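Chemist: My questions are about this predicted structure, shown below with the sequence.
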Amino acid sequence: MAIDPIDARGDLRLTRITKTYGDFTAVDDLTLTIPKGSFFALLGPSGCGKTTTLRMVAGLEEPTVGSIHLGDTDITTTRPYQRPINTVFQNYALFPHLTIFENIAFGLRRRGVKDVKEQVDKVLNLVELPHLAERKPTQLSGGQQQRIALARAIVNRPALLLLDEPLGALDLKLRRQMQIELKWIQREVGLTFVHVTHDQEEAMTMADTIAVMNEGRIEQMGSPVDLYDDPETAFVANFLGQSNLIKGKIDGNDGDSLVIDLFGQKISMPKSRSHAVDSSLYAGIRPEKFRISRTGSTVRGNVLTGGRIEDVSYIGVSTQYVVAMPWGQELMVFEQNDDGVPPFNKGEEVVISWEPNFTFGLRGDEDIEAGTEVDPEQLDE
Amino acid sequence: MTLPKVRVPYLLLFPGFAFLFTFFILPIMNLAQTSTQTAIVGGDTGQYEQSFAFSNYIDAFLENREQFYRSFIYASLATIFALAIAYPLAYAIAFKSGKFKNILLVLVVAPFFTSFLLRTVAWKQILGEEGFLVPTLRSLNLMGEQTTITSTAVAVVAGMTYNFLPFMTLPLYASLERIDPRTIEASGDLYANAITTFRKVTVPLSMPGVVAGTLLTFIPAAGDYVNASILGSPNTKMIGNVIESRYFKIVDYPTAAALSFTLMAAILILVTLYIRKAGTDELV
């Protein structure tokens, strides 16, 4: 081999990776490029293949088919200890018999680095825990262990840092704080981070690019804004936030816009945001993009009439409504409480309106329930 | 009737204390008393009186130095061999056995279902002239016609290694099993190859099991006399054999008692030094 894998640097390329366990296909013909220096998230429900993908990159599993390259070096079958890749494990996997200092120094010592102390002290300062160097892992809180696990990995300045549900064991408040910190640390050290999570908020907060995975395949890849604003599949529309998906028919063209018939009411949407393959489609609108008005008041944009407030939940910054439409569907509407107008009451007749540009179109043969069910049994993979 | 809360712990401890007092403290005090007695002048065999003869200890030790040394050497060898056999076994059961784990664990304990004595006698047959081992070795010219295995130190150490193997295997298994496999993966992830991972992660994390296993093997092995008397010869006598014959055959109670205390003290000192050295503050 011309290049020693341990020095390989560059983009990570997965080419047509498949991983099967007996009859079960965990990862199905996956092709993916993760640019050097990016913060990349693999997002999906448990069992979607994201952890298996990560373990193949780390070298803990070998792909059944396909190849993995780091820069120009093929690392598909390279042993984990020969890859310039480090992992922050789900439960941190700190060495309980070693001090925090020795935990962090472990990788440096294995590579025969001199002057371990200076580098360890530097990352301990980076994660703001220099006073814990002589403690044992069991004497640390969950949040502290998490930072040490991160320090133990980044001290090696790997070409790639893998994070396997790194914040899963922390409580909500600490998780929010660590999300911001991780993002900051990534910018500070300039390493490529690949982050695996089932938490869409976590992925959106931290990653530059998200690949949404489902059943061993990538559903859609893009920036958080792209994925949220213009989901291409029902799975992505439902897994990232909430969506209202209304069955409709493409009724004609109007310049750059499509005219859509939703149960007899006409709306329009940009052609570029439709992913339909024939005339049938689902029109998708995010709940916060809807506006609610009393029947009879003047409204702009796309309008759907005949709604009736079915349920009202006041949650401070916003009010969430369930609006029953004439065709029997219930739509979710989030209204910001910023206009001094008291919330609507249950049973009121309303019209719903929104900017045509916010509409996205999905194929008419989609399963609109995809990505909505979360099985709590499976949350902890 | 409700009991005041403070009394409950004492009440729970009482049966244990009563048992230990009757069957451990009292006998050991009795033994201590016996160890400094001397024979009644003109009395029958087995008649002794208290004369605080602490010289009994020095006499007993000087007379049986050889057997003392031998006991500790044999016990150490048996412990080392048992560790060498049990570690890979426990490792395989803990990490590589899959669905056979429980069956293998039962097999480790299975010998306990037959008597210790019977198993040792069985070893005498395996290693004896009529067993398959000796004729096989002789036909391969690995053993002379005159040499034997039984009645040698080899047989005694082999017997002890075998008999105490489960005491080594089970604590080792327990501590290996508790190791989070992710720490092993993390070691590989941090540039350690399989051998380094074993040395730097697996072995240190299994130290509690190593310490517990070696103690559970060494302590009973040092005091054992069954293996030496069934598999050995007069030349392989251990201190346990001496105590046994002093007590039951020669009816020299004071010497048997003094030897017992000396053995206990020696084991206690060695074990203390060992635990200090092994530094197992996390020995759970």
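Modeler: Cool, got the structure.
Chemist: which ones are touching residue 266?
Modeler: I'll assume chain A. Neighbouring residues of A:K266 by Cβ atoms under 8 Å, 6 or more residues apart in numbering or on different chains: A:251, A:259-260. C-betas here are computed from N, CA, C, even on glycine.
Chemist: You answered for a different chain; I wanted chain B.
Modeler: B:A266 touches B:68, B:72, B:222, counting by Cβ under 8 Å, 6+ apart.
Chemist: can you give me phi and psi for it?
Modeler: Here is the backbone geometry of B:A266 (degrees, to the nearest 10): phi -60, psi -40.
Chemist: Correct me if wrong: B:F81 contacts B:N163.
Modeler: No - taking Cβ atoms under 8 Å as the definition, B:F81 is not a contact partner of B:N163, at 11.7 Å.
Chemist: So for the two, which sits in the more crowded spot?
Modeler: More crowded of B:F81 and B:N163, by other Cβ atoms under 10 Å in any protein chain shown: B:N163, with 22 against 19.
Chemist: Against which helices or strands is whichever strand or helix holds the more buried one packed?
Modeler: Element membership of B:N163 [criterion: DSSP states H and E] is helix B:153-177. When contacts are defined as 3 or more Cβ pairs under 8 Å, 6 or more residues apart in numbering or on different chains; DSSP states H and E, helix B:153-177 sits against helix B:65-91, helix B:101-109, helix B:116-127, helix B:203-223, helix B:226-231.
Chemist: Relative to the whole chain's centre, how far out is that helix?
Modeler: 9 Å (Cα atoms, centre = their mean, to the nearest Å).
Chemist: Taking helix B:203-223 as reference, get the angle to that helix.
Modeler: 140 degrees (axes from the mean of the first three to the mean of the last three Cα atoms, to 10 degrees).
Chemist: Mind checking what helix or strand follows helix B:153-177 in sequence?
Modeler: helix B:181-189.
Chemist: number of nearby residues for the residue of the stretch 1-150 of chain B found nearest chain A?
Modeler: Closest approach between the stretch 1-150 of chain B and chain A, counting by Cβ to the nearest Cβ: B:G98, at 14.4 Å. For B:G98, the neighbour count with other Cβ under 10 Å is 6.
Chemist: How confident was the prediction at it?
Modeler: Note for B:G98: predicted pLDDT of 87.
Chemist: Give me the mean pLDDT for the lengthiest helix in chain A.
Modeler: Longest helix in chain A by number of residues (criterion: DSSP state H): helix A:172-189. Here helix A:172-189 scores 87 as its mean pLDDT.
Chemist: secondary structure class for A:V303?
Modeler: strand (DSSP: H, G, I helix; E, B strand; the rest coil).
Chemist: Report the separation between the residue of the stretch 1-150 of chain B closest to chain A and B:I25.
Modeler: Distance of B:G98 to B:I25, given as Cβ to Cβ, to the nearest Å: 48 Å.
Chemist: Also A:N91?
Modeler: Applying Cβ to Cβ to A:N91 and B:I25 gives a distance of 47 Å.
Chemist: Comparing the two, which shows the higher neighbour count?
Modeler: Using other Cβ under 10 Å, the more surrounded residue of A:N91 and B:I25 is A:N91, with 16 against 11.
Chemist: who are the neighbours in contact with the closest residue to B:A194 other than its chain neighbours?
Modeler: Leaving aside its sequence neighbours, B:A194 sits nearest to B:G188 (Cβ to Cβ, 6 or more residues apart in numbering or on different chains; 7.7 Å). Taking Cβ under 8 Å, 6+ apart as the criterion, B:G188 is in contact with A:59-60, A:79-81, B:194, B:197.
Chemist: List, one by one, the residues from chain A near chain B.
Modeler: Residues of chain A lying near chain B by Cβ under 8 Å from any Cβ of the partner chain: A:6, A:58-60, A:79-82, A:85-87, A:89-91, A:93-97, A:106-107, A:110-111, A:152-153, A:156.
Chemist: circling back to that earlier point, mind giving me the packing neighbours of the longest helix of chain A?
Modeler: helix A:116-126, helix A:142-154, helix A:200-206.
Chemist: same thing but 10 Å
Modeler: With contacts defined as 3 or more Cβ pairs under 10 Å, 6 or more residues apart in numbering or on different chains; DSSP states H and E, the secondary structure elements packing on helix A:172-189 are strand A:39-43, helix A:116-126, helix A:142-154, strand A:160-164, strand A:192-197, helix A:200-206.
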